[in-house]
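Enquirer: all I have is the shape, not the residue letters:
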């Protein structure tokens with residue numbers, strides 16, 4: 001087999017690496033972005049590790065205009081300028097390749113793909129060509145001796161793979177691009193022709209010329225668009241074609257030869273930019289030596305681990321990077337001394353339950369330096385434990401004033417407080433830090449963070465307590481095994497702290513993190529511990545009512561079917577609706593017809609049975625999730641329910657709750673509202689106070705869109721929905737009908753969530769044309785809102801993130817996706833997140849300010865937070881004072897520079913239960 005020549009598109013790699021880390025950029029201690037430097041070099045080393053490349057060439061795009069700009073002035077004109085932080089990384093990346101002996105090959109007036117295409121042509125008879133890029137333009141260069149290799153995904157595209165992916169062969173790819181165009185390069189293509197149509201045409205007629213020679217055989221619509229866009233098609237073909245005849249001299253082979261030993265020459269550069277993981281990799285894989293043999297070796301040995309005896313490997317895997325110390329009565333004094341001397345301490349609690357208000361404390365681990373961690377056994381079964389009360393008494397003194405580090409610290413603080421150790425220390429939570437830097441991720445476990453940031457694989461809890469039905473609890477684990485596991489947790493947090501502290505400090509979210517998210521931990525800790533009283537008799541009555549309604553709905557569904565069946569079986573339901581009753585079906589899944597709510601809502605417009613099934617499902621869910629479940633959630637020690645409030649679940653910054661999930665209790669249905677009656681004050685001396693931001697998202701829309709009509713309406717405290725209905729329907733405000741107001745209210749809130757005419761028609765029970773007229777009227781009367789929406793989307797496209805007024809960011813990697821569904825969702829989030837996220841920030845600020853005034857008071861307790869609403873349990877004597885505190889704190893949460901334009905308003909209610917107070 002011929003040797004391979006690897007051709008690297010440096011510009012494509014730079015962009016790919018930069019945006020791969022866009023949500024969580026790599027920044028060194030000097031504040032310099034290094035994501036692209038790391039990504040490009042790491043991809044290159046990865047290729048070496050797997051391919052033993054000996055001949056390599058690299059090219060970068062030049063700043064000078066190319067021949068394509070002369071052909072078409074708008075070529076790449078729509079592209080935003082390269083981000084400054086990426087521009088600054090081009091020089092060090094080029095320097096890396098120069099240091100290891102690979103000087104860039106390029107020529108003004110040509111792009112990197114032209115240079116590499118020319119090199120491929122020059123050396124095709126001598127080498128097998130491998131293009132290191134994921135840029136689809138290179139597909140036109142693939143043939144029997146040339147392939148593409150995506151360096152980040154290890155995907156190889158040969159001739160057959162190109163066909164499998166695009167439906168055309170490489171020799172047709174220029175014509176394919178001539179038809180579909182390329183939005184990323186502003187290549188127009190033929191309007192209305194997408195990938196499937198282009199592939200179909202080329203399959204039938206092979207070339208663009210043949211397509212135009214056979215226009216009369218095509219459908220009239222295709223003939224029309226092809227004729228109208230013929231000039232664009234042939235222009236696009238010229239723009240898309242890679243020039244393989246660039247006037248560059250054929251480089252000598254020695255200029256393309258890569259020697260692995262030269263990697264060490266890049267070590268000073270790696271040190272300069274603090275890319276230590278790659279530096280260590282090179283040092284370990286290719287140690288310094290003067291022997292002739294090693295100087296002439298290629299890298300085929302450099303990136304392969306030497307085989308070791310089996311025993312040695314096992315021993316290495318068991319060795320920990322720190323010592324885990326099991327604390328006993330003898331060395332406890334040593335631990336206390338080290339705790340008192342430390343400035344920052346990571347801690348982790350081990351318990352026998354994942355619910356902090358029910359869990360028994362089994363052990364605590366501490367880490368004060370990266371070489372050692374301690375574990376204190378306090379509640380192990382069948383083992384010798386340290387005396388819990390005495391240990392906690394000593395720890396209270398030793399931990400005073402220290403910076404405490406943890407992962408999900410709220411859990412640890414609740415467990416310790418329930419056992420008598422209440423900590424009022426400054427805090428740093430690595431889970432919160434990971435979340436604030438990348439709120440779109442689903443997993444912030446300590447194991448995931450350690451693997452991502454430290455490249456360290458932690459011991460899974462299943463190794464100690466098992467999985468599934470055979471899972472035991474931590475108190476049954478031997479202290480010696482528990483010590484290694486728990487000490488590792490504390491050690492990992494200690495190691496993660498400087499990594500996340502630096503990343504947060506160099507991000508725009510440092511102030512948000514330090515002044516809102518971290519202090520909120522203690523507010524939520526107290527709120528969870530406060531809990532809320534539940535009236536089970538109310539739930540019993542609701543349960544009886546739901547059962548009666550379910551019976552009625554079940555009878556109606558059986559009557560429609562003509563027989564009894566399992567209504568909760570989606571397959572049986574689908575068979576009834578779509579096969580037996582021939583109702584129009586929506587989406588099909590792998591298992592058959594979909595019967596999810598979106599499908600049923602569509603059907604409900606014309607078929608009553610779909611609405612009945614929706615009601616049945618809603619009631620069944622309320623029964624199982626709340627009415628039957630809430631009594632079982634009452635804590636036997638406190639007699640109250642203690643919901644968990646989560647900071648790291650939603651991508652917009654909103655708090656969520658679980659066990660139970662309070663956000664999902666419906667407020668529009670009668671039974672949903674009835675369930676709120678069960679959340680009550682603990683006795684006759686106390687009342688529930690409910691404080692709810694009034695139309696906060698609409699107020700923020702007015703502020704951010706600077707819409708004068710909205711702003712003025714809020715200043716005058718008008719009925720905002722009625723005011724907007726008057727504008728939309730062009731009637732006097734006194735003549736607005738209830739239906740018109742309802743329509744305005746629906747679209748006011750729906751517009752922020754991407755509501756279109758189809759959903760509006762379902763919500764209001766009107767035709768699609770009527771819904772379209774309402775939406776058109778809305779935008780016609782409020783052009784500033786339309787402009788705001790467009791600005792949000794355009795800004796997100798340029799920056800790849802959406803942002804709140806307080807600097808909270810949500811990264812949107814799909815904003816440029818070719819998948820229209822993903823792209824549309826990202827655009828919807830780009831509009832919604834600044835408003836919903838700012839509302840989330842505001843209620844958190846309000847909670848912090850309220851907490852400062854009511855902390856330690858027994859007569860006022862903050863007990864629940866749901867969306868834009870706060871609930872308090874208050875002694876009747878403190879009611880007026882509480883109203884003033886809460887209203888003032890909530891309405892002053894918006895900074896003055898914004899509040900002078902649009903003020904916040906809070907509605908406050910009081911009652912024996914949540915229903916009465918709201």
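Expert: Noted; the coordinates are in hand. Bear in mind the structure is a predicted one, so any value in this text is a computation, not a measurement.
Enquirer: list the contacts for residue 132?
Expert: 6-9, 13, 43, 47, 149, 151 (C-beta atoms under 8 Å, 6 or more residues apart in numbering). (Glycine included, C-beta is placed from N, CA and C.)
Enquirer: of the residues you listed, which pair is most distant in space?
Expert: Across these, the longest distance by C-beta to C-beta is 14.0 Å; it joins 7 and 43.
Enquirer: returning to that earlier point: may I ask which of the contacts of residue 132 has the most neighbours?
Expert: Tallying neighbours with other C-beta atoms under 10 Å puts residue 7 at the head of the contacts of residue 132, with 31 neighbours.
Enquirer: wait, a helix at it?
Expert: No. According to DSSP: H, G, I helix; E, B strand; the rest coil, residue 7 belongs to no helix; its state is strand.
Enquirer: what is it paired to in the beta sheet?
Expert: Taking DSSP bridges as the rule, residue 7 bridges to residue 57, residue 131.
Enquirer: surely it touches residue 129?
Expert: Yes. The pair residue 7 / residue 129 is scored as a contact, 6.5 Å apart, by C-beta atoms under 8 Å.
Enquirer: overlap in contacts, the two.
Expert: Joint contacts of residue 7 and residue 129 (C-beta under 8 Å, 6+ apart) are residue 120.
Enquirer: could you pull out the strands for the stretch 101-250 of the chain?
Expert: For the stretch 101-250 of the chain, the strands defined by DSSP state E, counting those that start in this stretch occupy 128-132, 146-150, 155-157.
Enquirer: closest to residue 784 out of those?
Expert: strand 146-150 (44.0 Å).
Enquirer: what are the buried residues along that closest one?
Expert: 146-150 (16 or more other C-beta atoms under 10 Å).
Enquirer: so where's the chain shaky on pLDDT?
Expert: Confidence mapping of the chain against pLDDT under 70 gives the ranges 1-2, 49-53, 78-79, 152, 260-261, 286-319, 587, 589-591.
Enquirer: in it, which residue is closest to the centre?
Expert: Geometric centre of the chain, nearest residue: residue 440, 1.0 Å, by C-alpha atoms, centre = their mean.
Enquirer: and the protein, what are its domains?
Expert: Annotated domains of the chain cover 4-166+243-255, 323-507, 647-696+806-918, 697-805 [automatic domain parsing].
Enquirer: possible to save the ones you listed as a markdown table with distance to residue 582?
Expert: Converted to a markdown table, these look like this (distance: least, C-beta to C-beta, whole Å):
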| stretch | distance to residue 582 |
| --- | --- |
| domain 4-166+243-255 | 38 |
| domain 323-507 | 40 |
| domain 647-696+806-918 | 28 |
| domain 697-805 | 22 |
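Enquirer: now do the helices in the stretch 251-400 of the chain.
Expert: 267-272, 276-285, 292-295, 310-318, 332-341, 388-399 (DSSP state H, counting those that start in this stretch).
Enquirer: the ones you listed into JSON lines, with extra columns for mean neighbour count?
Expert: Formatted as JSON lines, the helices of the stretch 251-400 of the chain follow (neighbours: other C-beta atoms under 10 Å):
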{"stretch": "helix 267-272", "mean neighbour count": "16"}
{"stretch": "helix 276-285", "mean neighbour count": "16"}
{"stretch": "helix 292-295", "mean neighbour count": "10"}
{"stretch": "helix 310-318", "mean neighbour count": "9"}
{"stretch": "helix 332-341", "mean neighbour count": "14"}
{"stretch": "helix 388-399", "mean neighbour count": "15"}
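Enquirer: quick one, which of the ones you listed gets closest to residue 371.
Expert: Of these, nearest to residue 371 by C-beta to C-beta is helix 332-341, at 11.6 Å.
Enquirer: give me the residues contacting that closest one.
Expert: By C-beta under 8 Å, 6+ apart, helix 332-341 touches 325, 327, 345, 366, 368, 374, 376, 386, 391, 394-395, 398-399, 402.
Enquirer: what angle sits between it and helix 388-399?
Expert: 30 degrees (axes from the mean of the first three to the mean of the last three C-alpha atoms, to 10 degrees).
Enquirer: how close does residue 211 get to residue 242?
Expert: For residue 211, the distance to residue 242 equals 21 Å [C-beta to C-beta, to the nearest Å].
Enquirer: and for residue 852?
Expert: 64 Å.
Enquirer: neighbour-wise, which of the two wins?
Expert: Neighbour totals were compared for residue 852 and residue 242, and residue 242 leads with 22 against 12 (other C-beta under 10 Å).
Enquirer: hmm, residue 138 and that one touching each other?
Expert: Yes. The pair residue 242 / residue 138 is scored as a contact, 7.4 Å apart, by C-beta under 8 Å.
Enquirer: shared neighbours of those two, which are they?
Expert: Common neighbours of residue 242 and residue 138, using C-beta under 8 Å, 6+ apart, are 113, 117.
Enquirer: nearest residue to residue 449 in space, please, no chain neighbours.
Expert: Excluding the flanking residues, the one nearest residue 449 by C-beta to C-beta, 6 or more residues apart in numbering is residue 434, at 5.2 Å.
Enquirer: residues contacting that neighbour?
Expert: 441, 444, 449, 500, 648.
Enquirer: can you rerun that using 7 Å?
Expert: Applying C-beta atoms under 7 Å, 6 or more residues apart in numbering, we find residue 434 in contact with 444, 449, 500.
Enquirer: thought the last one was touching residue 433?
Expert: The reference is to residue 500. Yes. Between residue 500 and residue 433 there is a contact at 3.7 Å, judged by C-beta atoms under 7 Å.
Enquirer: among the helices of the stretch 251-400 of the chain, which comes closest to residue 773?
Expert: Smallest distance to residue 773 across the helices of the stretch 251-400 of the chain (C-beta to C-beta): 59.4 Å, for helix 276-285.
Enquirer: what's the offset of the longest helix along the chain from the middle of its chain?
Expert: Ranked by number of residues, the top helix in the chain under DSSP state H is helix 820-854. Chain-centre distance of helix 820-854: 14 Å, with C-alpha atoms, centre = their mean, to the nearest Å.
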